[in-house]
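S.K.: Take a look and give me a structure for this.
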Amino acid sequence: MQLQSQLAKEDFEKYVLKVVLATFENGGTASKLDTYELSPPVDAWEFPKYPNRTVILPPEANLLAELKEFVLANEPFLREPDCWLGTWIHPQTGCCYLDITMRCDELDEAHRLSLEFSEGAGRRIVALYNSWRKETVYLKGKTLK
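M.R.: Numbering: from 1, shown residues only. Below is the predicted model:
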């Protein structure tokens, strides 16, 4: 049993390292906690499902340590079927966003939901991202938090 636990811990460590590397290489990524797999680019709009759980890290932060802490603190949410572990480096600030990401195929629907989630959480969602198109749509509106 102890060997299984050690192997599970090593798998988790490899997964987190893989996410960190992909974040730095690609400017962000989405992955599934259940499978430890990174998502290939998809033609869908990604944004935080729970914006009040988003963590914004300064460029000098230890992303590896912060990501582990974020995953452990948000594990139940990250295991929801429509949720992904999302990372994104804001190109203008260099800050890294860690969030519980969801996807919508249609930009209008993603925009509508992001505004709804922002209002409900009291925290503004900054942008929608499409990894297939490598396109970011910055959201305008009042700053909630």
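
S.K.: From here on, just use CA atoms for contacts and neighbour counts.
M.R.: Will do.

S.K.: From Y15, how far out is Q2?
M.R.: 20 Å (CA to CA, to the nearest Å).

S.K.: which of those two has more neighbours?
M.R.: Set Q2 next to Y15 and count neighbours by other CA atoms under 10 Å: Y15 wins out with 20 against 7.

S.K.: The residue nearest to W88 when sequence neighbours are not counted: what's it in contact with?
M.R.: Leaving aside its chain neighbours, W88 sits nearest to G28 (4.0 Å; criterion: CA to CA, 6 or more residues apart in numbering). Residues near G28 by CA atoms under 8 Å, 6 or more residues apart in numbering: A22, G86, T87, W88, I89.

S.K.: And P51, by the same measure?
M.R.: Each residue near P51 by CA under 8 Å, 6+ apart is listed here: D99, I100, F117, S118, A121, R123, R124, I125.

S.K.: Model confidence score at A8, please.
M.R.: Here, the pLDDT recorded for A8 equals 83.

S.K.: What helix or strand is the residue positioned nearest the centre of the chain located in?
M.R.: Closest to where the C-alpha atoms of the chain average out (CA atoms, centre = their mean) is G86, at 1.5 Å. Taking DSSP states H and E as the definition, one finds G86 inside strand 84-89.
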